[in-house]
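**Student:** okay, here's the prediction I keep looking at, along with the sequence it came from:
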There are 2 protein chains.
Amino acid sequence: MAKNKKLVEEITSMEEDFAQWYTDVVKKAELVSYSSVKGCMIIRPYGYAIWENIQKEMDSRFKETGVENVYMPMFIPESLLQKEKDHVEGFAPEVAWVTHGGQEKLQERLCVRPTSETLFCDHYSEVIQSYRDLPKLYNQWCSVVRWEKTTRPFLRSTEFLWQEGHTAHATAEEAEERTIQMLNVYADFCEKVLAIPMIKGQKTEKEKFAGAHQTYTIEALMHDGKALQSGTSHNFGDGFARAFDIQYTDKNNNLQYVHQTSWGVSTRIIGAIIMVHGDNSGLVLPPRIAPTQVMIIPIAQHKEGVLDKAYELKDTLKSFRVKVDDSDKSPGWKFSEQEMRGIPIRIEIGPRDIEANQAIIARRDTGEKITVSLDNIEEEVNNILEKMQVDMLEKARNHRDANTSTVTSYDEFKDVIENKQGFVKAMWCGDLACEEKIKEDTGATSRCIPFEQEQIADTCVCCGKEAKHMVYWGKAY
Amino acid sequence: MAKNKKLVEEITSMEEDFAQWYTDVVKKAELVSYSSVKGCMIIRPYGYAIWENIQKEMDSRFKETGVENVYMPMFIPESLLQKEKDHVEGFAPEVAWVTHGGQEKLQERLCVRPTSETLFCDHYSEVIQSYRDLPKLYNQWCSVVRWEKTTRPFLRSTEFLWQEGHTAHATAEEAEERTIQMLNVYADFCEKVLAIPMIKGQKTEKEKFAGAHQTYTIEALMHDGKALQSGTSHNFGDGFARAFDIQYTDKNNNLQYVHQTSWGVSTRIIGAIIMVHGDNSGLVLPPRIAPTQVMIIPIAQHKEGVLDKAYELKDTLKSFRVKVDDSDKSPGWKFSEQEMRGIPIRIEIGPRDIEANQAIIARRDTGEKITVSLDNIEEEVNNILEKMQVDMLEKARNHRDANTSTVTSYDEFKDVIENKQGFVKAMWCGDLACEEKIKEDTGATSRCIPFEQEQIADTCVCCGKEAKHMVYWGKAY
């Protein structure tokens, strides 16, 4: 078991240095690799397999709500980017510019899309004529580029993968409904599939998306007490429609502007999976998203019948995503790799187990080991995977709740952020000045005005004036 | 039926102007739309749904052979692109260059990937150390950019979607095996799923990929007698490995260079589907790739019970990709749209049909109409879809064979290319001079040296010297 110990020792413990632990895990679990291109990551097979599962699950949920996928160009001409004033101000400072095609200098610079509102609007202005053409419910899976100074795998990189939904509606009400609907799709997906509980709410004016009337967000709490914005949904009202002249003829033959939304989730969510569920042995993956759910590790595999039995067991368990590690590494090393990669269930099977018609199941999240009969192992594995999925959500919710503080005084606020971390629930007057002062004094930002409001106090935690909203605050990634 | 006629009249007939017919079909069937970005197309929901089906089918075939998906950066630093001499010469003239990130000028230009050999090699040089790390069988689905002067939807565009597989092997033999294996996967997919028969063969020195030792290709014949290169598979030998220093320690502890392959199919294949199967009513989609396989069109849908019966029928046929067109358009208009979009089966159901417990099935490829009982309609639909898939391949193969000429003299060669078009099978001495002369004299290029060789004659069709190979020639897209 010496090698087992060694592999685990190679990762820094969470308690010692959380940032280093994160970096160690993404590398040792072989999720990403650094590339020759500054700020861009290579997503390796294991990391990409997680993303594929995320895509499959999300895409089918989108399609159930009537969404269709499309593909827009990756380039945006500078003049098109500039059509909506707030939008260009928000994005122009952080885009990559293409200036040459082959040997020739371009007449107009093209930026590599940082997001595609402008392209969708340009297209909508062409294809939307009448109320019969509405709603348009489009989405695309693609990569986008934002020129970042400091980058971290999954959390912040120059190029990242995401989906961006863009919809156009006849009325303001429909657009608002869709904005909330997609936020709910995201939150439900995160809870049910990723086992990550989310706070749903609205962003403040200061924190909303460039060009949006309203931005809604789902916020999760990481193991180190920092918040991670995990997905956003924007209601644009008719702002983009006016800038891009997207009008339709209604049933009474009057010209009307459409109302639009956009919503996105990116590979950043993989960072959330790592930082919510991971531990000092590496990654811990919720069963529903794990590329491999069950790893069978034969013990003394050189002995007659052991490998055969392992393959037979794999066949018995074929309704799960199951593999046999039949490499020539030691069992200890294999255990360690399976743990590092966060594979939910390990099954150990050796000569003595075979004789006793049994195998040993080890749960990745709790470390618990159970001896089960081979006669009903399929049912057992199914039960354990289902229980693990539920338990992991429960554990994450308990951690979040234990790290959420309700404060009514500014001193308390500062004390919590400095000494305890986590979410802080506090009242706010709604003024930008207080939001900025809180950020300057504590480093915490407003995460959201949650849909579930509580009347903690009557006055703003910062200025003491009448409070308008209860807000979640926290330090964030 | 006036409107029906009108919509069809809007497309130019194939016989009158094939190029215009193609453009009309891609626009009227709503596959693509032009964008504000020169040479870049927007893939609309219907076009993208075809691509999604292609991806799903191909991806599962790749994975069956052990391939894993990854994601590489979209940018390549100029110095990295330059590492392999032939490769950079082939691609540098047609890449888009990023020179600025935000407000700052970059120290080194980045090109937007035209293909990703250099990035995969750079990564392989880092992750491959020992024979245990081999083979590496990676693939990615992404978009690439090549700065084209003249563009056409799907066939040639500045940006296009594709998959690029990149593998690394311990031996030259394994690399060659994988190169051929993937070509066979492509050809089999095209025949079984897209109903397009392919000629498999090797590219000549002149036509091979920049940096490859050997390029293999699948070539299809379009309805107008032109060829379309539909997929390629390259064996790089150890050329890239030497340029990027990708070495591994073999079992005897000696350092060895790896042997590599790459292989790709792009959205260009959608152009092949259109030009092989389409007709003067629009698109004709093979059932296995059609986003909608069955369109139910209610007749006199305002009459009581008609729509209910249509929805009931949809439910009966739910094992297929089925829709009901319950819009307020006329049946004639709906027929025309279903035909334009190439939906394999149309089912007409009206009050008299309901009374007689029957419906009318119209086959898109033949126009044939059959009255079937509602009691066994599921089985009928299944049989027709399966038959259509087989018949479409048969029809395409017959068209290709009828448009393939075997020639033994140069006059005959020129006559066929000028007056008949199609594939020309002729002997070749293997000299570049003859290949270039044929291109200059006739406009035809060597499509491939087919795996299935025939000894048509002993001498080169061009120079009369001893022949080395039988070659397929043709004008190509």
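**Tutor:** Structure received. Numbers count the residues shown, from 1 in each chain, chains lettered A, B, ... in the order given.
**Student:** tell me the secondary structure for the residue positioned nearest the centre of chain A?
**Tutor:** In chain A, the residue lying closest to the centroid (CA atoms, centre = their mean) is A:I269, at 1.7 Å. What DSSP: H, G, I helix; E, B strand; the rest coil gives for A:I269 is helix.
**Student:** tell me who's in contact with it.
**Tutor:** By CB atoms under 8 Å, 6 or more residues apart in numbering or on different chains, the contact set of A:I269 is A:54, A:190, A:194, A:230-231. All C-beta spots, glycine's among them, are computed from the backbone N, C-alpha and C.
**Student:** from those, which land in strands?
**Tutor:** Using DSSP state E, the subset of the contacts of A:I269 located in strands is A:230-231.
**Student:** which of the contacts of A:I269 sits closest to B:D375?
**Tutor:** Each of these was scored against B:D375 by CB to CB, and A:I54 proved nearest at 43.6 Å.
**Student:** you'd agree that closest one is up against A:P291?
**Tutor:** No: taking CB atoms under 8 Å as the contact criterion, A:I54 and A:P291 are not neighbours in contact, 10.8 Å apart.
**Student:** confidence score at the closest residue in space to A:T442 that isn't next to it in sequence?
**Tutor:** In this structure, A:T442 finds its nearest non-sequential neighbour in A:I417, 4.4 Å apart by CB to CB, 6 or more residues apart in numbering or on different chains. At A:I417, the model reports a pLDDT of 96.
**Student:** could you do A:E10 as well?
**Tutor:** A:E10 carries a pLDDT value of 78.
**Student:** what of A:K5?
**Tutor:** If you check A:K5, the pLDDT there is 50.
**Student:** and what of A:K439?
**Tutor:** A:K439 carries a pLDDT value of 97.
**Student:** and the closest residue to it other than its chain neighbours, how many residues sit next to it?
**Tutor:** In space, and not counting its chain neighbours, A:K439 is closest to A:T445: 5.5 Å by CB to CB, 6+ apart. Counted by other CB atoms under 10 Å in any protein chain shown, the residues lying close to A:T445 total 19.
**Student:** distance of A:T445 relative to B:Y186?
**Tutor:** 51 Å (CB to CB, to the nearest Å).
**Student:** also A:D133?
**Tutor:** Plainly put, A:D133 is 38 Å away from B:Y186 if you go by CB to CB.
**Student:** swap in A:E452?
**Tutor:** Taken as CB to CB, the span from A:E452 to B:Y186 is 53 Å.
**Student:** quick one: contacts for A:N53?
**Tutor:** Per CB under 8 Å, 6+ apart, neighbours of A:N53: A:288-291.
**Student:** most neighbours, which of those residues?
**Tutor:** A:A290 (26 neighbours).
**Student:** check the gap between it and chain B for me.
**Tutor:** Per CB to the nearest CB, to the nearest Å, A:A290 is found 16 Å from chain B.
**Student:** follow-up on the earlier one: how many neighbours does the residue nearest to A:T442 have?
**Tutor:** Residues lying near A:I417 (other CB under 10 Å) number 22.
**Student:** so it sits in a helix?
**Tutor:** Yes: assigned with three-state DSSP, A:I417 falls within a helix.
**Student:** you'd agree it is up against A:G443?
**Tutor:** Yes: shown here, A:I417 and A:G443 form a contact pair, counting by CB under 8 Å, at 6.7 Å.
**Student:** show me whatever sits in contact with both of the two.
**Tutor:** Common neighbours of A:I417 and A:G443 (CB under 8 Å, 6+ apart) are A:K475.
**Student:** looks like A:M295 contacts A:G342 (just checking).
**Tutor:** No: with contact defined as CB under 8 Å, A:M295 does not count as touching A:G342 (10.5 Å).
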